[in-house]
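Peer 1: Build me a model:
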Amino acid sequence: MLLAVGVSIYASALFVGLVELFPTALCCRGHGISYNISVAVFGGTTPLIATALIGTIWLADILLVPETRNIDLRSSIYGSPPSVSAR
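Peer 2: Numbers count the residues shown, from 1 in each chain. You can find the predicted model right below:
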């Protein structure tokens, strides 16, 4: 709740300040264009970067995790065959 109050105070002052940066005749167009370009650049590339990071982590997991196909996982803690024979 406190975070939402802080963000709302910041955002309300931010938008007023950004509109005041432009001359009166251009304030809506200038703010709209600059805001939308920044959202397109940063917001548009975020899914691409997130997908690339997930793919990299997934590939690293595949390459680094050992194969456990022929190992009894119930008796092996570390993924290697048990040293003590079963009774």
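Peer 1: So for the top helix by length along the chain, mean pLDDT?
Peer 2: The longest helix of the chain (DSSP state H) is helix 44-64. Mean per-residue pLDDT for helix 44-64: 89.
Peer 1: roughly how far apart are the most centrally placed residue in the chain and I57?
Peer 2: Residue closest to the mean C-alpha point of the chain, counted by CA atoms, centre = their mean, is A50 at 5.3 Å. The gap separating A50 from I57 is 11 Å, by CB to CB, to the nearest Å. C-beta coordinates here come from the backbone N, C-alpha and C atoms, glycine included.
Peer 1: again with Y35
Peer 2: Here Y35 is placed at a distance of 32 Å from I57 (CB to CB).
Peer 1: which of the two has more neighbours?
Peer 2: Y35 (13 against 10; other CB atoms under 10 Å).
Peer 1: Contacts only, for the nearest residue to that one once chain neighbours are set aside.
Peer 2: Distances taken as CB to CB, 6 or more residues apart in numbering place L18 nearest to Y35, at 7.3 Å, with adjacent residues excluded. L18 is in contact with 31, 34-35, counting by CB atoms under 8 Å, 6 or more residues apart in numbering.
Peer 1: The same query, at a cut-off of 10 Å, please.
Peer 2: Each residue near L18 by CB atoms under 10 Å, 6 or more residues apart in numbering is listed here: 27, 30-31, 34-35.
Peer 1: So what does P23 look like in phi/psi?
Peer 2: Dihedral pair for P23: phi -60, psi 160, per degrees, to the nearest 10.
Peer 1: now do N70
Peer 2: Dihedral pair for N70: phi -100, psi 20, per degrees, to the nearest 10.
Peer 1: how many other residues sit next to it?
Peer 2: Counted with other CB under 10 Å, N70 comes out at 6.
Peer 1: One more: L59?
Peer 2: 10.
Peer 1: how about I71, secondary structure?
Peer 2: Under DSSP: H, G, I helix; E, B strand; the rest coil, the three-state class of I71 is coil.
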